[in-house]
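Undergrad: dropping a prediction and its sequence here:
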Amino acid sequence: MVAPLDFAALFDTYYPKLYGYIRSQVTDPTTAEDLTAAAFERAFSRSDSYNPAKGSFATWLFRIARNLVINHYAATSRKPVQTELDEAAEVSSGELSPEQHLLHQEQQRILRESIATLSERDQEIIQLKFFGRITNREIAEVLELNEKTVSVIILRALQKLKVRLQTQEAP
Amino acid sequence: MSEEQLADLLAQHLDTLLEGGSLPENLPPEVADLLNVAQSVSLATPIPRPEFGPALKELLLGPAVGSNGAPPAGPTLGSPMITMVLVGLLVGAALVAALVSVVILGVVQFNPNTSTPTAMPAQTLTTPTSLPPTPGEPTETVEPITTGQAVGDDSTPTVTSTPVVDVLPVITVTLQIVIEPPALVPGSGGGGNGNGGGNGGGDDSGDHDRGHGNDSDHHDEDNPGKGGGDD
């Protein structure tokens, strides 16, 4: 028998992560909020169908969210270009001075352009990893890949980004 | 170090980095460099509006969520269905109760227990105001429409029979039925003593022939203008 889920604790844990992932997939924050709410609502209303033996709650939740994003674009018949997505994403720069803020924005621009050079699958893995903040095993379960494959893809993606950042920053 | 080993080592520390944990200092330089890049990427994480999270939580879980996080209602699979079934049963029971009440009231009003004019014995009625109750009928006057029995009550209605005429406006009915013994000798003919009001005259030839032109006066009561009769 599956133990009852602690909905409040799960929400607190995964809400910012889920929003970060979904927001990186869509063009505007309103759509991101709608899809985030829909994902949680669906997960909570169908909690009886969640089976811990088949994967973690994060896997189940992000799979729901991914399907919602796919359906969203299927309905609109349009998938935005990755650079367009990244440029629309809000980025928290914390308490920075004006110069630091400009530098931060420039770094983020270079980073977005670098991520855009990756394949769609690699981009999604990076977004799940760095915006969704889920483990490699959970990413593998969501995307139905091997965990080793996910680890290698992340390694190669970071290596590409490192080279690109070094190239962009070089005078 | 092979690519797979490097990937495994990176994976071990990347989760710690993203969760805000501290990293060991003796990491291989290649891993350290990649973790620095990962740190830069993580800074690009989209941040939701501050008010969105609490609002969504309250919408999903309700304003009063216990420490266990159990939602007060809603996200539990099956509860909306159970609620709908219960509402349907209550509505159905109410409809059945209303229907039974209507049927009972209808039975009470038209039940033979109530006095009706057809139950009146054939007699001369001279009461100018109201009809006397039939023998055996209860004489108390009760409310014309009283409460019926509750649904499921098998006892006979306590509404004692109320003559229907009691609830109607007072209608004065005077009915005189004069029954006279036959006065004519069969075959005597002649203008009988038919004084209208019913059957005029009669003879021993049979009451069913009276007034139909077959009796001695040849007066057809049913067809007065049809010849015959010399009244």
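TA: On my side now, so go ahead.
Undergrad: check which helix or strand covers A:Y15.
TA: helix A:7-23 (DSSP states H and E).
Undergrad: how about the most centrally placed residue in chain A, what does it touch?
TA: Chain A has A:Y21 as the residue nearest its centroid, 2.6 Å off, counting by CA atoms, centre = their mean. For A:Y21, the contacting residues are A:62, A:65, A:127-128, A:131-132, by CB atoms under 8 Å, 6 or more residues apart in numbering or on different chains. The C-beta positions use only the backbone N, C-alpha and C, and glycine is treated the same way.
Undergrad: how about A:Q107?
TA: A:165, B:40.
Undergrad: let's see that with 7 Å instead.
TA: B:S40 (CB atoms under 7 Å, 6 or more residues apart in numbering or on different chains).
Undergrad: next one: A:F130
TA: Contacts of A:F130 (CB under 7 Å, 6+ apart): B:18, B:38, B:41-42, B:45.
Undergrad: can you list the buried residues in stretch B:13-32?
TA: Buried residues in stretch B:13-32, counting neighbours by 16 or more other CB atoms under 10 Å in any protein chain shown, are found at B:13-14, B:17-18, B:31.
Undergrad: before we move on, what about stretch B:36-49?
TA: B:37-38, B:40-46, B:48.
Undergrad: what's the answer for stretch A:20-29, then?
TA: A:20-27, A:29.
Undergrad: following the helix holding A:Y15 in sequence, what is the next regular element?
TA: helix A:29-45.
Undergrad: what helices or strands is that following helix leaning on?
TA: With contacts defined as 3 or more CB pairs under 7 Å, 6 or more residues apart in numbering or on different chains; DSSP states H and E, helix A:29-45 has these neighbours: helix A:7-23, helix A:57-76, helix B:52-61.
Undergrad: deepest in the core, which of those helices is it.
TA: helix A:7-23 (a mean of 22; mean count of other CB atoms under 10 Å in any protein chain shown).
Undergrad: what's the angle from the longest helix seen in chain B to helix A:29-45?
TA: The longest helix of chain B (DSSP state H) is helix B:79-110. Put simply, helix B:79-110 runs at 70 degrees to helix A:29-45, going by axes from the mean of the first three to the mean of the last three CA atoms, to 10 degrees.
Undergrad: what's around A:N136, how many residues?
TA: 27 (other CB atoms under 10 Å in any protein chain shown).
Undergrad: in space, what's closest to the residue nearest to the centre of chain A - neighbours in sequence excluded?
TA: Excluding the flanking residues, the one nearest A:Y21 by CB to CB, 6 or more residues apart in numbering or on different chains is A:G132, at 3.6 Å.
Undergrad: and if you look at A:H72?
TA: In space, A:H72 is closest to A:L35, 6.3 Å off (CB to CB, 6+ apart).
Undergrad: pull the contacting residues for the one you found.
TA: By CB under 7 Å, 6+ apart, the neighbours of A:L35 are A:22, A:26, A:65, A:68-69, A:72.
Undergrad: from A:A37, how far off is B:E58?
TA: According to CB to CB, to the nearest Å, B:E58 stands 12 Å off from A:A37.
Undergrad: I meant B:Q39, not that one.
TA: For B:Q39, the distance to A:A37 - CB to CB - is 30 Å.
Undergrad: sorry, back to before: any chance of the buried residues of stretch B:36-49 in CSV, plus distance to A:A157?
TA: Formatted as CSV, the buried residues of stretch B:36-49 follow (distance: CB to CB, whole Å):
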residue, distance to A:A157
B:V37, 9
B:A38, 10
B:S40, 13
B:V41, 9
B:S42, 13
B:L43, 16
B:A44, 14
B:T45, 16
B:P46, 19
B:P48, 25
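Undergrad: ok and the residue in chain A nearest chain B?
TA: Per CB to the nearest CB, A:A8 is where chain A lies closest to chain B, at 3.1 Å.
Undergrad: quick one: least confident helix or strand in chain A?
TA: Of all helical and strand segments in chain A, the minimum by mean pLDDT, DSSP states H and E falls on helix A:82-88, at a mean of 45.
Undergrad: that one: what's the following helix or strand?
TA: Criterion used, DSSP H and E; the element after helix A:82-88 is helix A:98-116.
Undergrad: rewinding a little: in a markdown table, list the buried residues of stretch A:20-29 along with pLDDT.
TA: Formatted as a markdown table, the buried residues of stretch A:20-29 follow (pLDDT from 0 to 100):
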| residue | pLDDT |
| --- | --- |
| A:G20 | 94 |
| A:Y21 | 95 |
| A:I22 | 95 |
| A:R23 | 92 |
| A:S24 | 90 |
| A:Q25 | 90 |
| A:V26 | 90 |
| A:T27 | 84 |
| A:P29 | 91 |
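Undergrad: list just the nearest of the residues you listed to A:R164.
TA: A:S24 (18.3 Å; CB to CB).
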